[in-house]
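**Student:** predicted model follows, preceded by the sequence.
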Amino acid sequence: MKRSLISLVSNTLIVSLLLSSCMNLREKDLSAFFPDEEAMRSSEPVNNIQEAITRSEAESDHPQLEIFSWWTGAGEEAGLKALIKVFKEKYPGIYVFNAAVEGGAGGNAKEVLERRMKEGEPPDTFQGRNMLWAAEGRVEPLNDLYEEEGWYTVFPPEIIDMLSLGDDIYYVPLNIHRQNVLWYNKSIFADNNLQVPSTFDEFFKVADQLQRKGITPLAFGNKEPWMVSALYTNVMLGTLGVENYKKLSKGEINTDDPHVKEGMERFAKMLTYVNADHAERNWQEAAKLVAEGKAAMNIMGDWVNGFFTHDLKLKDGVQFGWNASPGTEGIFRFQLDAFGLSRGAEDRESVRDWLRVLGSAEGQNAFNPLKGSIPARQDVSISNYDSYSRQAMEAFRNSAKNKELVSDSRLPASLEAEAFKKAKELQSNP
């Protein structure tokens, strides 16, 4: 039986039972199984198993592609749909199953993906760049595709290295997200005659001034644990600098180092300037405080740009501005999204076609302006991007040239636990 049929039947049962588990796929995800855009909008949801089987049998002569991700929220969902639309226009005979899993900032999806990989039922293609799976032979190398598409010359070598194991490349990068960004409400800063901070001393000085005027200095949400990490890792980077930050992530600097302690103290001090309802807010709800003028600043990755411009329809550089987070001027801390080809994919060539679109200038230009990220390709026209993204592209190139790039890496677990403890203490004693 086709894997698509198994997935469709499973999700029919989930919808019918109204389960909100990790495998929850919404009706709009089921509708994405059909290739025509108009049909996707107008088709009725699958109501029972027999109907699912009938549809699957009718479509069994067509190549099918399951795309697994956690893109279901602000900006990212629109970007994924735009990317799929480009794919469908180029390959209209392929049925696409959008198997996005929502919740937990990707945590739910990663749990589902981990289980499916272990059980030998991987999706055809998936968001991620797990090199252990490459080492285990669970994904196919893509060197020939890189050669065919000319990607060796358009993707930065630093990015290709991150997606490689030995001489083989296993994933295709779609975007680059800058993580060390301070977003601010331009009206609040102009009305209070304040300068945007670049250092920690400047940040705390501005925060004190805002707090005295009854304005929340820093919008923060820690409804999900990763948002605590998003803030404290940027504080650590700004305190330690690139070289020592990398050493800390590798365990080459002890966590009781005076500079590490200074970074944690700065993080704890920052928490004294946040909104009282931080524990109830996710990252979008925290960022929205800045958009609405209820808070002055927010430190978060540049998916905020997609949320502000696409979802909230704000004008970048007019209603909101940005700067590198305190202490990180000239540093570009980043993460990227990439997709691979699962070994044993039923329609292998359909996956390769998907990866071709994903790595193309057309695909990256369809996705990234909506997501708020910049393209992984370095040859795209900047005319498709807003002023923030143009500056981010230039910042990435400059940081790469000056060896000031920092990839997304975990800091010691003990530090992470301490950061979570401080956030919890704040919740108990607002």
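**Tutor:** Everything's here; your move.

**Student:** low-confidence ranges in the stretch 51-200 of the chain?
**Tutor:** Applying pLDDT under 70 to the stretch 51-200 of the chain flags the ranges 51-61, 103-105.

**Student:** ranges for the helices of it?
**Tutor:** Using DSSP state H, counting those that start in this stretch, the helices of the stretch 51-200 of the chain run over 76-90, 107-118, 131-135, 143-149, 157-162, 186-191, 200-212.

**Student:** so who does the nearest residue to Leu415 once chain neighbours are set aside touch?
**Tutor:** Among residues not flanking Leu415 along the chain, Thr255 sits closest, at 5.6 Å (C-beta to C-beta, 6 or more residues apart in numbering). The way it works is simple: take the backbone N, C-alpha and C, and place the C-beta from them, glycine included. Counting by C-beta atoms under 8 Å, 6 or more residues apart in numbering, Thr255 makes contact with Leu248, Pro412, Ser414, Leu415.

**Student:** who wins for neighbours among these?
**Tutor:** Leu248 (23 neighbours; other C-beta atoms under 10 Å).

**Student:** and that one, how close does it get to Gly221?
**Tutor:** 25 Å (C-beta to C-beta, to the nearest Å).

**Student:** and if you look at Glu425?
**Tutor:** 17 Å.

**Student:** more neighbours: which of those two?
**Tutor:** The residue with more neighbours, out of Glu425 and Gly221, is Gly221; 26 against 12, by other C-beta under 10 Å.

**Student:** how about that one, secondary structure?
**Tutor:** coil (DSSP: H, G, I helix; E, B strand; the rest coil).

**Student:** next up, the contacts around it.
**Tutor:** Applying C-beta under 8 Å, 6+ apart, we find Gly221 in contact with Met227, His278, Glu280, Arg281, Asn282, Trp283, Glu285, Ala286.

**Student:** can you give me the neighbour number for the fourth one?
**Tutor:** By the criterion of other C-beta under 10 Å, Arg281 has 21 neighbours.

**Student:** correct me, but it touches Val274?
**Tutor:** No. Counting by C-beta atoms under 8 Å, Arg281 stays clear of Val274, with 9.8 Å between them.

**Student:** if we can go back for a sec, so which of the contacts of Gly221 sit within helices?
**Tutor:** Met227, Trp283, Glu285, Ala286 (DSSP state H).

**Student:** give me whichever of the helices of the stretch 51-200 of the chain is most buried.
**Tutor:** Of all the helices of the stretch 51-200 of the chain, helix 76-90 has the most neighbours on average by mean count of other C-beta atoms under 10 Å, namely a mean of 20.

**Student:** which elements pack onto it?
**Tutor:** strand 95-98, helix 303-306, helix 348-358, helix 361-371 (3 or more C-beta pairs under 8 Å, 6 or more residues apart in numbering; DSSP states H and E).

**Student:** can you show me the CA trace of whichever strand or helix holds Val260 as PDB?
**Tutor:** Per DSSP states H and E, Val260 falls inside helix 258-270. Only the C-alpha atoms of helix 258-270 are listed here, as PDB (Å, rounded to 0.1, in the frame of the first residue of the first chain):
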ATOM      1  CA  PRO A 258      34.000  35.100  34.900                       C
ATOM      2  CA  HIS A 259      32.800  36.200  31.400                       C
ATOM      3  CA  VAL A 260      30.300  33.500  31.300                       C
ATOM      4  CA  LYS A 261      29.000  34.500  34.700                       C
ATOM      5  CA  GLU A 262      28.800  38.100  33.500                       C
ATOM      6  CA  GLY A 263      26.700  37.000  30.600                       C
ATOM      7  CA  MET A 264      24.200  35.200  32.800                       C
ATOM      8  CA  GLU A 265      24.000  38.200  35.100                       C
ATOM      9  CA  ARG A 266      23.200  40.400  32.100                       C
ATOM     10  CA  PHE A 267      20.500  38.000  31.000                       C
ATOM     11  CA  ALA A 268      19.000  38.000  34.500                       C
ATOM     12  CA  LYS A 269      19.100  41.800  34.500                       C
ATOM     13  CA  MET A 270      17.400  41.900  31.100                       C
END
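
**Student:** now do that helix and helix 200-212, the angle between them.
**Tutor:** Counting by axes from the mean of the first three to the mean of the last three C-alpha atoms, to 10 degrees, helix 258-270 lies at 20 degrees to helix 200-212.

**Student:** any buried residues in helix 258-270, and which?
**Tutor:** Val260, Gly263, Met264, Arg266, Phe267, Ala268, Met270 (16 or more other C-beta atoms under 10 Å).

**Student:** do stretch 92-103 as well
**Tutor:** Ile94, Tyr95, Val96, Phe97, Asn98, Ala99, Ala100, Val101, Glu102, Gly103.

**Student:** tell me which residues form a beta bridge with the second one?
**Tutor:** Think Tyr95. Judged by DSSP bridges, the bridge partners of Tyr95 are Gln64.

**Student:** hang on, it packs against Gln64?
**Tutor:** Yes. If you go by C-beta under 8 Å, Tyr95 and Gln64 touch, sitting 4.6 Å apart.

**Student:** run a quick neighbour tally on the nearest residue to Asp168 once chain neighbours are set aside.
**Tutor:** Spatially, and ignoring its direct neighbours in sequence, Asp168 is nearest to Pro141 (3.8 Å; C-beta to C-beta, 6+ apart). Pro141 is flanked by 20 other residues according to other C-beta under 10 Å.
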